[in-house]
Each structure stands twice: as C-alpha cells, then as structure tokens.
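Undergrad: Requesting a structural model of the entry that follows:
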Amino acid sequence: MADRENYDLALYPAPRAGSVPEELREIVDDPIFRIEDLTLDAVKARSVEVADAGDIPGPRMSFSVLYGDILVKLNVKGASPEEIYDILKGIGASL
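TA: Numbering: from 1, shown residues only. Reported below is the predicted structural model:
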C-alpha cells in the first residue's frame, strides 16, 4: 500500500505524540483502509507489541476498515495480525 507514513507505526517511535508530524496525527492515529486495498503487511504495520506491567503482553492494533458504506473500527488486544487479517477478509467475502 502506498503512503506508509499514513499508517505504519514503525515509522514513529513512542511516544507518538512527539514523533508523528502534526499534519498526519489524525490519519496515523486512526487510518481507514478499504477492504479491497487491505493487505497483511498493512495490518502488521498497525501492530505494536505491548508488555506493560499489570497487563497481558501481546500485540495491539487500532484502525478502521471500510466495507462499501460500512465503517468498522477495530481496537484489538492479543490477536495476531494474521488472525485479524483473516477475520477482516472473511467478513469482506461474506458481504
């Protein structure tokens, strides 16, 4: 997918408030992918491993997917990018 700077969290070290350019903050915080353009690579780019004290370690993801005129917002904790990608593509196939 083009425009990786709009969604790839690896480009912006934590804390992101200081590393994401102001003009890109809104789109980097919550990018919207059309289901027909969504790739496993894009889902992986939205995944961040978290190991905070007092919380279950694992991947976290946050983004939205557009299925025609239906917008699905995701806020994922603990599932792998591969699992999320398969689920999202499965939903797209059933619509």
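Undergrad: For the residue most central in space within the chain, which residues are in contact?
TA: Taking CA atoms, centre = their mean, the centroid of the chain lies closest to residue 46, which sits 3.5 Å from it. Residue 46 makes contacts with 7-9, 31, 61-63, 81, as judged by CB atoms under 8 Å, 6 or more residues apart in numbering. For glycine as for every other residue, the C-beta is placed from the backbone atoms N, C-alpha and C.
Undergrad: Filter the residues you listed down to the ones in strands?
TA: Counted as lying in strands by DSSP state E, out of these, are 61-63.
Undergrad: What about the residues you listed, which one has the most neighbours?
TA: residue 63 (25 neighbours; other CB atoms under 10 Å).
Undergrad: Could you verify my assumption that that residue touches residue 30?
TA: Yes - the criterion here is CB atoms under 8 Å, and residue 63 meets it with residue 30 at 6.6 Å.
Undergrad: what is in contact with these two at once?
TA: Shared contacts of residue 63 and residue 30 (CB under 8 Å, 6+ apart): none.
Undergrad: Can you identify the helix in this structure that spans the most residues?
TA: If you go by DSSP state H, the chain has its longest helix at helix 81-94.
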